[in-house]
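1. could you work out the structure for the sequence below:
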Amino acid sequence: RSGLPIHGVDFSGGKETEAGNPKLWVASWVSERADSTVQLKRGTDIRLKRRDLPGLVRARGGIWVMDFPFGVALGTARALGLPDNDWNAWLQWASTNQTNVYEPTERRDLARALTASRGVPWSARRQVDEEHQTTWFPLFEQLYRQTLLGAREVLEPLAREQSVAVVPFDRPRPNTPLVSEGFPGWTLRRRLGHEGVGYKGDTARHREERDFILRALVSAGLPVGDAELTRAIDDSEGDAVDALVLLLAAWETSTITAEAWAQQRQQAEAAGLLAEGWFFA
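-> As a prediction, this is how the structure comes out:
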């Protein structure tokens, strides 16, 4: 689909300031348009916070891939008292305030207590995590803030307004922005044949790995300019690289038909796994 805006978002559950989220990165490209090159922005470049993402999705349209879990494992959801296949119930649970100030740790701790009381393994992984070899389960110590804040500040507003198709829960619709989950490590392995390890750090070896990945993205067809390449290589935390890898995932996601999404949704629903979520790219 030539000329379609695509976007890769390296999401962050970290601390935000009035200047934006310093660990939130957005890579964008109008796919396959000859005069379009990749734009790479850090949250603090454009005063972007998590809560601004729904408006950005609606305003820019196209395909968006974000790297936080869109759901939790079926066993975990059942332990939380959520009905099978009810993704909106998960969003509401994740978004609930128990105190005046929303704190993801409170929600995480409650989830851990409920799973323990019902004999559900705390580290339960989703089917998509097992099949795509993601690194952690959704409520893992290094991921739970992204999972819970992503549900509360990004997915719940989009689901409530129904102006965006969040797959596989929603069916893709013509002229409607589409949002999908992604995982950089999966795209690196599947699309680029790279293990995706060793590129986050400040040694010369880490820098070489970032350079290797970025050159592979360019070879795959992403028109990343020299300034963006340099910036991504210089980002020792690897977040800029992840945003660009997710942009490649968004490009591939843009080729997936509505029929393929519908089939995946039907299979997940039949297995009781729809609320876990799924992603192709």
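2. pLDDT weak spots in the stretch 1-150 of the chain?
-> 1-2 (pLDDT under 70).
3. how about the helices in it?
-> 53-60, 74-79, 87-95, 104-117, 127-132, 144-150 (DSSP state H, counting those that start in this stretch).
4. show me what the first one is packed up against.
-> I take that to be helix 53-60. Counting contacts by 3 or more C-beta pairs under 8 Å, 6 or more residues apart in numbering; DSSP states H and E, helix 53-60 packs against strand 5-10, helix 156-161. Placement of C-beta: from N, CA and C, glycine included.
5. what about 7 Å?
-> Here helix 53-60 touches helix 156-161, going by 3 or more C-beta pairs under 7 Å, 6 or more residues apart in numbering; DSSP states H and E.
6. try the fourth one
-> When contacts are defined as 3+ C-beta pairs under 7 Å, 6+ apart, helix 104-117 sits against helix 74-79, helix 144-150.
7. between the helices of the stretch 1-150 of the chain, which gets nearest to residue 242?
-> Evaluated over those, closeness to residue 242 peaks at helix 144-150, with 12.1 Å, by C-beta to C-beta.
8. residues in contact with the closest residue to residue 29 other than its chain neighbours?
-> Counting by C-beta to C-beta, 6 or more residues apart in numbering, residue 29 lies nearest to residue 38, which is 4.7 Å off, once chain neighbours are set aside. Residues counted as contacts of residue 38 (C-beta atoms under 7 Å, 6 or more residues apart in numbering) are 27, 29, 222-225, 228, 247.
9. and the helix or strand encompassing residue 260, average pLDDT?
-> Here residue 260, judged by DSSP states H and E, is contained in helix 258-270. When pLDDT is averaged along helix 258-270, the result is 96.
10. can you point out the buried residues in it?
-> 261, 264-265, 268 (16 or more other C-beta atoms under 10 Å).
11. residue 221: which element?
-> Per DSSP H and E, there is no helix or strand for residue 221.
12. just the pLDDT at it, thanks.
-> Looking at residue 221, its pLDDT is 95.
13. same question, residue 193
-> Model confidence at residue 193 (pLDDT) stands at 87.
14. can you get me a residue count around it?
-> For residue 193, the neighbour count with other C-beta atoms under 10 Å is 8.
15. give the contact list for residue 223.
-> Contacts of residue 223 (C-beta under 7 Å, 6+ apart): 37-38.
16. so it sits in a strand?
-> No: read with DSSP: H, G, I helix; E, B strand; the rest coil, residue 223 is coil and lies in no strand.
17. now the residue of the chain positioned farthest from its centre, nearest residue through space, not along the chain?
-> Distance from the C-alpha centroid of the chain, by C-alpha atoms, centre = their mean, peaks at residue 117 (30.1 Å). Leaving aside its sequence neighbours, residue 117 sits nearest to residue 79 (C-beta to C-beta, 6+ apart; 7.7 Å).
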